[in-house]
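Q: Pasting the sequence and the predicted model now:
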Amino acid sequence: MSQKKQVRRIAINTGGGDAPGLNAVIRAATLSALNNGWEVLGIRRGYTGLLEGEVDGEPGIFPLTAQAVRGITHLGGTILGTTTRGNPFGLEVRKPDGTWGTTDRSGEIIERFRELEIDALIAIGGDGSLIIADKLFKRGLPVVGVPKTIDNDLKATDVTFGFQTAVEVATDAIGRLHSTAESHQRVMVVELMGRHTGWIALHSGLAATADVILIPEIPYSIEKIAEKVLQRDAVGRRFSIVVAAEGASPGGGEPSYADESGRYGGLAERIARQIEEATGKETRTLVLGHIQRGGPPIAYDRMLALRFGAAAVRCVDDGNLGTMVALQGDTIRAVPLQDAVHEIKRVPLDSDSVKTAREQGISFGD
C-alpha cells in the first residue's frame, strides 16, 4: 500500500528465532537509511525495548549509527537481540492470584511510536513475527517486513535468508557421520529443525546422500525405514544414515513433543529405538538443534540479507508500507504482508528435489 510521505526517523527490530544474516540486514537497512538523511533507531528484543524502556540494563531503544553497524555483516545472531515470547497482542503476565495469563499491549507500542515520531518500522522476522507486524500495520503502524527463518517456510519468497547457512551446517554434519557410521556398521539418525516443513532435512539430506529422509509433508512408516536399512545390509552396505525433520510424524500419528508447551524434541531417540527393535542393528542419534542457527552466514545469505535490508528502506522511501520484501526469481519485490503470512510454504511432493531423491534410491519412509 503506497503512503508516500516525508521520512525523518525509522526503527528496526528483530523477532523470533535468530538466523544467520540478521546483522547483515540491520547493517544494510541502517546505512541505506542514513544515506537518505534519516535517523535510525534500534529496538532491543523484538518490541520489549519499546514497552519496558530498558533491557538487561541497556536502553531499550538506541541510535543505529554507521559506527554501531560497522563490521557486523559476517556476524551471527543479532545486535538487537530477539525473543520468541514477545507477541504484544498476548504477552504473558502474572495475575494477582499468582497464575499466568496474557495481556494485549499492542496499543502501547503504537502510542510509543507516535511519541518518538517514528515514521516506519522495519520488522525482521519469520511467520510469527510478521503476523504480528501485519496486525500492527492494520492498527495504523507503518511497517515493512523482512523475511527471516532458517525453515524457508514463507510462501511469498523463493528463499529466506538463513536457510542456506542452516543447510550448509547440516550437510557438513551429516557428511561427517558417514565414515563413523560405516566404521561401526551402525544406523545414525540425525534430527534437524523443521517443525512444519522439511526444507532443511530435504536439501541437506539429499546433498549429503542420506539413505532415508523424513519430513513433515510425508508420513513415515518404521517398517519402510527398516526395509531400507535391511536392503542396504543385504548388498554389503552395513550402515545407514537417517535424516529427520523434528516435525516428521508416522502415518496416523503425531509429532514428538518434549513437553506440554508444544516444544518439539525426542524424535531421533524414538526412531532410533524403533529401528533397533525392527532390524537388530545398533543405532545412534545426533540432534543438531541450535547449531543450525548459530555462527556466521555463508556468502549467499549475506548477499540476500543485504539486498533485503536495502530493499526494505526503498519500500519505506516509496511509501510502500504494509509490505514484505521477497525474492522472486532474481528480483526483490514488495508483496502485501497479509499475503506473505497467510500460508506457510511446504515441500511440494512432486517437486524436483523430492523426485531427485527418490531417483537416487533415497527412502522417505513411505
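A: Arrived safely. These figures come from a predicted structure and were not determined experimentally.

Q: and the gap between the residue sitting nearest the centre point of the chain and residue 15?
A: Nearest to the mean C-alpha position of the chain, by Cα atoms, centre = their mean, lies residue 149 at 2.2 Å. Using Cβ to Cβ, to the nearest Å, residue 149 is found at 11 Å from residue 15. Using the backbone N, CA and C atoms, a C-beta is placed for each residue, glycine as well.

Q: thinking again about what came up before, residue contacts, the residue nearest to the centre of the chain?
A: Residue 149 is in contact with 16-17, 19, 125-127, 160, 162-163, counting by Cβ atoms under 8 Å, 6 or more residues apart in numbering.

Q: Give me the common contacts of residue 149 and residue 15.
A: Shared contacts of residue 149 and residue 15, defined by Cβ under 8 Å, 6+ apart, comprise residue 125.

Q: Tell me which entries of the contacts of residue 149 lie within strands.
A: residue 125 (DSSP state E).

Q: which residues in this structure form helices?
A: Assigned helices in the chain, in chain order: 22-35, 48-52, 106-115, 127-138, 163-184, 199-207, 222-234, 267-279, 299-318, 337-341, 352-359 (criterion: DSSP state H).

Q: What residues of the first one count as buried?
A: So the one you mean is helix 22-35. Judged by neighbour count using 16 or more other Cβ atoms under 10 Å, the buried positions of helix 22-35 are 22-34.

Q: likewise the third one?
A: For helix 106-115, a neighbour-count test (16+ other Cβ under 10 Å) marks 106, 109, 112-113 as buried.

Q: Out of those, which is nearest to residue 198?
A: Distance to residue 198, by Cβ to Cβ, is smallest for residue 106 among the buried residues of helix 106-115, at 33.3 Å.

Q: which non-adjacent residue is nearest that closest one?
A: Nearest non-adjacent residue to residue 106, counting by Cβ to Cβ, 6 or more residues apart in numbering: residue 88, 4.6 Å away.

Q: For that neighbour, give me its contacts.
A: Counting by Cβ under 8 Å, 6+ apart, residue 88 makes contact with 47, 51, 104-106, 108-109, 132, 136.

Q: a markdown table please, covering those residues and showing distance to residue 225 and pLDDT.
A: Output for those, formatted as a markdown table (distance: Cβ to Cβ, whole Å; pLDDT from 0 to 100):
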| residue | distance to residue 225 | pLDDT |
| --- | --- | --- |
| 47 | 43 | 96 |
| 51 | 47 | 94 |
| 104 | 46 | 94 |
| 105 | 47 | 94 |
| 106 | 46 | 95 |
| 108 | 51 | 95 |
| 109 | 48 | 96 |
| 132 | 39 | 96 |
| 136 | 45 | 97 |
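
Q: Farthest-apart pair in the residues you listed, please.
A: For the contacts of residue 88, the farthest-apart pair by Cβ to Cβ is 108 and 132; their separation is 13.8 Å.

Q: For residue 55, see how far away residue 126 is.
A: In terms of Cβ to Cβ, residue 126 sits 21 Å off from residue 55.

Q: For these two, indicate the residue with more neighbours.
A: residue 126 (25 against 20; other Cβ atoms under 10 Å).

Q: Thought residue 152 was touching that one, still the case?
A: No: using Cβ atoms under 8 Å, residue 126 is not in contact with residue 152, being 10.0 Å away.

Q: Now the common contact residues for those two.
A: When contacts are counted by Cβ under 8 Å, 6+ apart, residue 126 and residue 152 are jointly contacted by residue 160.

Q: mind saving the C-alpha coords of the helix or strand bottoming out on mean pLDDT in the chain as CSV?
A: Counting by mean pLDDT, DSSP states H and E, the chain has its least confident helix or strand at strand 91-94, which shows a mean of 82. Provided in CSV are the C-alpha atoms of strand 91-94 (Å, rounded to 0.1, in the frame of the first residue of the first chain):
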residue,chain,number,x,y,z
LEU,A,91,2.2,-11.0,26.4
GLU,A,92,2.5,-13.3,29.4
VAL,A,93,1.7,-11.6,32.8
ARG,A,94,1.3,-12.9,36.3
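
Q: got the buried residues for it?
A: For strand 91-94, the neighbour count (16+ other Cβ under 10 Å) marks residue 91 as buried.

Q: Just the residues contacting that strand, thanks.
A: Defining contact as Cβ under 8 Å, 6+ apart, one finds that strand 91-94 is touched by 51, 85, 100-105.
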